[in-house]
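> dropping the sequence and predicted coords here.
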Amino acid sequence: MQIGIVGLPFSGKSTLFQTMTRTHLDEATLMKQQSNASMVKVPDSRVDTLAEHFNPKKKVYSSVEFVDVIGLKKGDRDSTQFTSAFLGSVKTNDALMHVVRMFDDPMYPHPEGSIDPARDIEILETEFLLSDLAMVENRIDKLRKQVQKVQDDKLKHELVILERFHEALENEQPLRTLEIDRQDAQLVKGFQFLTQKPMLVVLNLEEDRVGDSDAVVSEIRETFADRGISVDAFFGKIEMELAQMEEDEAEEFMKDYGIEESALTRIIRAAYQMLGLISFLTFGDDECRSWPLREGSTAPEAAGVIHSDLQDRFIRAEVVHFEDFVEYGSISACKESGHWRLEGKEYVVQDGDMLTIRHG
Ligand SMILES: Nc1nc2c(ncn2[C@@H]2O[C@H](COP(=O)(O)OP(=O)(O)O)[C@@H](O)[C@H]2O)c(=O)[nH]1
Ligand SMILES: [Mg+2]
């Protein structure tokens, strides 16, 4: 599962990537024009709570991969199309984060000449839409010819879905706004349509906007209300400074600015949810840990995230919900009060479930 960071040049993509991954890439690496990928820890205070209780040797957090997608330079755009190399590297991501520049810096001129977040969002959205439209039209042409020659229900059905997509795209409606059932989604998954990917717009604000960032976010949210995108904000410059501080120094600094929660934490969590992931927990003297799981997965599938062997040899899962664990104070107290369960193969794992897998 991968989240691609996209956006116009000098919007703060690499800044966001580096502060999130706590890496520092030198200019030479950044200039290489290749995408950089890195795993990012998903903060989860439940793991800390479990660790306080079990005192394990290790604490491990669920993580997701972020990619700083390179390939979109100013020269890469002509009047209508981004390079196919850029679009190709966007395609492979499961969800997208669009960094939109709202800071002013004459050293790094905005490629469009001015700060205008709605315009910048539109530039990328339009580009993705046109790319999908071209692909849909191409495929529809082929399918129409094929279904005339051979009787094939699957191809006919694909044609129906794609015609529906075509209509939406022609009305400038991104595919992510369409309701589509699982089977149909599976059938067209291979196209990796760009406007079908969950999209989080992240506004990169000037540090003096801390006070009115909520208002800025709301305004953009309203403007794009019908596009099925989420909107959030961060302060690139502040995050760069925070990343270089010790923890207590960072806390003090955030207080001075009146920031309650690190924007990075919030954005990482939002991205995680956007991928349709929840977390289940494992615990013990050895390790307390959160694990990523696709929403709607069963207990054996969760076991498979830990180890494929565990899925094959799954018998039952012992389940306590984290909230109950906190309320009753221990696993044995949960047992006594009826908050401990044995679940079978059909059980759908919930966010915050503490699991112990019984296996053969
Ligand atoms: N003043 C200011 N500068 C920023 C901010 N975010 C990024 N920058 C600077 O803008 C330049 C471009 O940022 P970068 O992250 O490399 O943009 P990218 O091309 O989208 O990857 C860098 O010199 C950053 O240090 C911000 O919020 N405020
Ligand atoms: Mg960059």
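Received, thanks. Quick caveat: nothing in here was measured; it's all calculated off a predicted structure. Numbers count the residues shown, from 1 in each chain. Ligands and ions are numbered 1, 2, ... in the order given.

> break this protein into its domains for me.
Following automatic domain parsing, the chain resolves into domains at 2-43+58-112+197-274, 127-195, 296-359.

> for these, which one sits closest to ligand 1?
domain 2-43+58-112+197-274 (2.6 Å; CB to the nearest ligand atom). Just so you know, the C-beta spots here come from the backbone N, C-alpha and C atoms, and that holds for glycine as well.

> okay, how far is it across that closest one, tip to tip?
Distance across domain 2-43+58-112+197-274, first residue to last, is 11 Å (CA to CA, to the nearest Å).

> how about the residues of this protein by ligand 2?
Residues of the chain lying close to ligand 2 (CB under 5 Å from the ion) are 13-14.

> mind listing what the closest residue to D226 other than its chain neighbours touches?
Nearest non-adjacent residue to D226, counting by CB to CB, 6 or more residues apart in numbering: T177, 7.1 Å away. The contact partners of T177, by CB atoms under 8 Å, 6 or more residues apart in numbering, come to 168, 226-228.

> which secondary element of the protein has the worst mean pLDDT?
In the chain, no helix or strand scores lower on mean pLDDT, DSSP states H and E than helix 27-31, which sits at a mean of 66.

> show the subsequent helix or strand relative to that helix.
Per DSSP states H and E, the first helix or strand lying C-terminal to helix 27-31 is strand 36-41.

> which helices and strands does that next one pack with?
Here strand 36-41 touches helix 13-21, strand 63-68, going by 3 or more CB pairs under 8 Å, 6 or more residues apart in numbering; DSSP states H and E.

> H98: neighbour count?
Per other CB atoms under 10 Å, the neighbour tally for H98 reads 23.

> so what's it scoring on pLDDT?
The score at H98 is 96. That number is its pLDDT.

> that one: what secondary structure?
With DSSP: H, G, I helix; E, B strand; the rest coil as the basis, H98 sits in strand.

> which parts of the stretch 151-300 of the chain sit against ligand 1?
Counting by CB under 6 Å from any ligand atom, the stretch 151-300 of the chain comes close to ligand 1 at 204, 235-237.

> at 5 Å what do you get?
Within the stretch 151-300 of the chain, the positions adjacent to ligand 1 are 204, 236-237 by CB under 5 Å from any ligand atom.

> now tabulate these in TSV and tack on pLDDT, neighbour count and secondary structure.
Compiled in TSV, those are given as follows (pLDDT from 0 to 100; neighbours: other CB atoms under 10 Å; DSSP: H, G, I helix; E, B strand; the rest coil):
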residue	pLDDT	neighbour count	secondary structure
N204	96	24	strand
G236	92	25	helix
K237	90	16	helix
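
> name the element A134 belongs to?
In the assignment (DSSP H and E), A134 maps to helix 117-149.

> after that helix comes which helix or strand?
Per DSSP H and E, the first helix or strand lying C-terminal to helix 117-149 is helix 153-170.

> and the next helix or strand past that next one?
Moving toward the C-terminus from helix 153-170, the first helix or strand encountered (DSSP H and E) is helix 182-187.

> name the helices or strands packed onto that next one?
When contacts are defined as 3+ CB pairs under 8 Å, 6+ apart, helix 182-187 packs onto helix 153-170.

> tell me the buried residues in the helix it packs on?
Within helix 153-170, the residues that count as buried by 16 or more other CB atoms under 10 Å are 158-159, 161-162, 165-166, 168-169.

> next: stretch 231-249.
231-239, 242-243.

> put the alpha carbons of that stretch into CSV.
This file holds the C-alpha atoms of stretch 231-249, laid out as CSV (Å, rounded to 0.1, in the frame of the first residue of the first chain):
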residue,chain,number,x,y,z
VAL,A,231,-8.5,18.7,2.4
ASP,A,232,-6.0,19.4,5.2
ALA,A,233,-3.2,21.8,5.8
PHE,A,234,0.3,21.9,7.2
PHE,A,235,3.1,24.5,7.6
GLY,A,236,6.1,23.4,5.7
LYS,A,237,8.5,25.8,7.3
ILE,A,238,7.4,25.0,10.9
GLU,A,239,7.6,21.3,10.2
MET,A,240,11.1,21.7,8.9
GLU,A,241,12.1,23.5,12.1
LEU,A,242,10.3,21.0,14.3
ALA,A,243,12.0,18.0,12.6
GLN,A,244,15.3,19.3,13.8
MET,A,245,14.3,19.8,17.5
GLU,A,246,14.4,17.5,20.5
GLU,A,247,10.9,16.5,21.7
ASP,A,248,10.5,18.9,24.6
GLU,A,249,11.9,21.7,22.6
